[in-house]
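Give the three-dimensional model of this entry:
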Amino acid sequence: MDFKNFGRPPGANMKNAIIIILLLFSWINAAAILPKQDDVSKHRVVYKGEKGPGVGKNIVFIATDHEYRGEESLPALARILAKTYGFTCTVVYALDENGDILPGGSNVKGLEVLEEADLLVMFMRFAHFADKEMQHIDDYVKRGGPIVAFRTSTHAFEIKNDPKWEHYSWNYKGPETAWKDGFGEYVLGETWVSHYGTNHKQSSKIIIEPAQAKHPIMTGVKDMWVQSGGYTAEPKGTVLARGEVLNGMTATSEPDKTKELLPVAWIRDYKVDSGKTGRAFTTTHGASEDILNEGFRRMVINAMFWGLKMENQIKPTNNIAFVGPYKPTTFNFSGYKAHVKPADLAGWDSLIMPGEIVKKKGK
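Have a look, this model is predicted:
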C-alpha cells in the first residue's frame, strides 16, 4: 500500500506537476523577453563625489576614439572632477562583443543619462550610434547643454545611409544647409580639416592668446606642452590659445619655423535649428599623455567649470592632481589596452589603464 499518497484524491500529484511545469515555462518566457539586467550599466563607470561645489551636478563623458586613448584621459579627468569637486561623473564607452572597451566603436548604450546631464564631455571619432542613442544626443544639443570637446570630436560622427542622422557627419553636404560639415562645424565651430605638421614626430607648445590671458578658463594656466600634433583649424568662435609646432617630442624641442601658430583651443555659443543656446569649449589636443601636463590639464578642467557657468569656482590654486594611478598608453593607431571592461576602472584606486596592449588588425 502507498502510505505516502494515502488519502489524496486521484491525480493530485499529476496536477501539481503540471502546475509546476507551467510556472517554470512562464518564468522562462518572462526571462527571455526581459532586457539583460546589466545591458546599460556594462557600458559605463560612475564616479560619485561626496563633497564640493559639484555635488548634485552630473557630468557625462563619452569616450570612443580610435587613436588618442580618450578611453584613458576621460576617466582620469572624471575622477578628479568627482573626488576633488563632488560631481557625479559617468563615463560611457563603446564595447565589443565580449563587453570589453572598444576604442572607436559605435556600440554605445545608455545615453539617456544625458537627460539629467549638466555637462557633456566628448572624445569621439567617426561614431555611428543607434537611433535611440543619437536621439539622446540630439535632445541634449537642442536644449543647449554645455559641451567640452577633445581633439577628434571635431569629426565625432560619420553616419552613412541613415537620412535621419547623416547631418551630424563631419563632411555632411546634404539639404540641411545649416548643418554643412556636420556637428563639428555647426556646434563646435570647426570640422576635421587636416593634420598640421607630422603627428607622432612633432609635439606642440600651447600659447595663450594675449587678449584672452584673463579669461576664466586660463586662470592659473601656464607652461602648456602636449605630445599630440597640430590640426589645421580656423574655428568660428573666440580663440583662447594657439599651437606652436615643435620639431620633436619633448617640451624643449625647437619650433618648426615653417609653421604658423594655429588655434588649438576656442569657445563659442552654439545654437542649432530652433534649439536653445549653449556653451562649447573645444581643444584639438587631449591625448592620453597630453593631460600629464599640468597646464593643459588645468585648462580643460577650468573649461568644464566654465561650461557649467561655475566660473566663481575657478581658482589658480585649484587641486588638479590625479586621483588614483594614471599610467597612460602612448597614443597610436595600431594598439590599445584590450580586454578591459568599464567596471575594471571603478573606484578611486583602480589603475588607468589596466590590461595589455593588443595590436589591431590592419591599420
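
what's downstream of whichever strand or helix holds residue 282, the next helix or strand?
Element membership for residue 282 (DSSP states H and E) is strand 278-283. Beyond strand 278-283 in the direction of the C-terminus, DSSP H and E gives the next helix or strand as helix 294-307.

CA atoms of that following helix as CSV?
What follows is helix 294-307, C-alpha atoms only, in CSV (Å, rounded to 0.1, in the frame of the first residue of the first chain):
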residue,chain,number,x,y,z
GLU,A,294,49.6,70.3,-15.5
GLY,A,295,49.0,73.5,-17.6
PHE,A,296,46.9,71.7,-20.2
ARG,A,297,45.1,69.7,-17.5
ARG,A,298,44.2,72.8,-15.6
MET,A,299,42.9,74.5,-18.8
VAL,A,300,40.5,71.7,-19.6
ILE,A,301,39.2,71.3,-16.0
ASN,A,302,38.7,75.1,-15.9
ALA,A,303,36.8,74.8,-19.2
MET,A,304,34.4,72.3,-17.5
PHE,A,305,33.7,74.7,-14.7
TRP,A,306,33.2,77.5,-17.3
GLY,A,307,30.8,75.3,-19.3
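
What angle do strand 278-283 and it make with each other?
Helix 294-307 and strand 278-283 are oriented at 170 degrees to each other (axes from the mean of the first three to the mean of the last three Cα atoms, to 10 degrees).

Need the contact partners of helix 294-307.
If you take Cβ atoms under 8 Å, 6 or more residues apart in numbering as the criterion, helix 294-307 is touched by 59, 77, 80-81, 119, 121, 146-148, 150, 206, 216-226, 241, 265, 267, 279-281, 283, 285-286, 290-291, 311, 313-314, 318, 320. Where you see a C-beta, it was placed from the backbone N, CA and C, and this is true even at glycine.

If we use 7 Å, what do you get?
Contacts to helix 294-307, defined as Cβ atoms under 7 Å, 6 or more residues apart in numbering, come from residues 59, 77, 80-81, 119, 121, 146-148, 206, 216-224, 226, 265, 279, 281, 283, 285-286, 290-291, 311, 313-314, 320.

Ok, stretch 340-352 next?
Against stretch 340-352 from outside (Cβ under 7 Å, 6+ apart): 42-45, 72, 75-76, 79, 83, 93, 99-101, 323-327, 353-355.

related to what we said a few turns ago, mind giving me the packing neighbours of the strand holding residue 282?
In terms of contacts (3 or more Cβ pairs under 7 Å, 6 or more residues apart in numbering; DSSP states H and E), strand 278-283 is packed against strand 147-150, strand 262-270, helix 294-307.

Return the most buried member of those.
The highest mean neighbour count among the helices and strands packed on strand 278-283, using mean count of other Cβ atoms under 10 Å, belongs to strand 147-150: a mean of 26.

And the average pLDDT for whichever helix or strand comes after it is what?
Once the chain leaves strand 147-150, the next helix or strand it forms, by DSSP H and E, is helix 182-183. Mean pLDDT, computed over helix 182-183, is 98.

Buried residues in stretch 277-289, which are they?
278, 279, 280, 281, 282, 283, 284, 285, 286, 287, 288, 289 (16 or more other Cβ atoms under 10 Å).

how much space between residue 234 and residue 284?
To residue 284, residue 234 is 12 Å away according to Cβ to Cβ, to the nearest Å.

on that earlier part again, now mean pLDDT too, for the helices and strands packed on strand 278-283, in JSON lines please.
Output for the helices and strands packed on strand 278-283, formatted as JSON lines (pLDDT from 0 to 100):
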{"stretch": "strand 147-150", "mean pLDDT": "98"}
{"stretch": "strand 262-270", "mean pLDDT": "98"}
{"stretch": "helix 294-307", "mean pLDDT": "98"}
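
Mind telling me which residue is nearest the centre of this structure?
Centroid check for the chain by Cα atoms, centre = their mean gives residue 62 as the closest residue, at 2.5 Å.

and whichever helix or strand that one is part of, how far from the chain's centre?
Under the criterion of DSSP H and E, residue 62 resides in strand 58-64. Remark: strand 58-64 is offset 4 Å from the chain centroid, using Cα atoms, centre = their mean, to the nearest Å.

Pull up the pairing partners for that strand, direction included.
strand 88-93 (parallel), strand 119-124 (parallel) (DSSP bridges).

Convert the C-alpha atoms of that strand to PDB, please.
What follows is strand 58-64, C-alpha atoms only, in PDB (Å, rounded to 0.1, in the frame of the first residue of the first chain):
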ATOM      1  CA  ASN A  58      26.100  65.400 -13.400                       C
ATOM      2  CA  ILE A  59      28.800  65.300 -16.000                       C
ATOM      3  CA  VAL A  60      28.600  62.700 -18.800                       C
ATOM      4  CA  PHE A  61      31.800  61.700 -20.600                       C
ATOM      5  CA  ILE A  62      31.600  59.800 -23.900                       C
ATOM      6  CA  ALA A  63      34.900  58.100 -24.800                       C
ATOM      7  CA  THR A  64      35.300  56.400 -28.200                       C
END
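
Identify the residues contacting it?
70-71, 74, 78, 81, 87-94, 103-105, 108, 113-114, 116-124, 127, 304.

what does the next helix or strand after it rub up against?
For strand 58-64, the following helix or strand on the C-terminal side (DSSP H and E) is helix 70-79. Residues external to helix 70-79 that are found in contact with it (Cβ under 7 Å, 6+ apart): 45, 47, 61, 63, 89, 91, 93, 101, 103, 121, 123, 150, 286-288, 291, 300-301, 322-324, 326, 328-329, 345, 348, 352-353.

Quick check on those residues: which are buried?
For the contacts of helix 70-79, buried by 16+ other Cβ under 10 Å: 45, 47, 61, 63, 89, 91, 93, 101, 103, 121, 123, 150, 286-288, 291, 300-301, 322-324, 326, 328-329, 345, 352-353.
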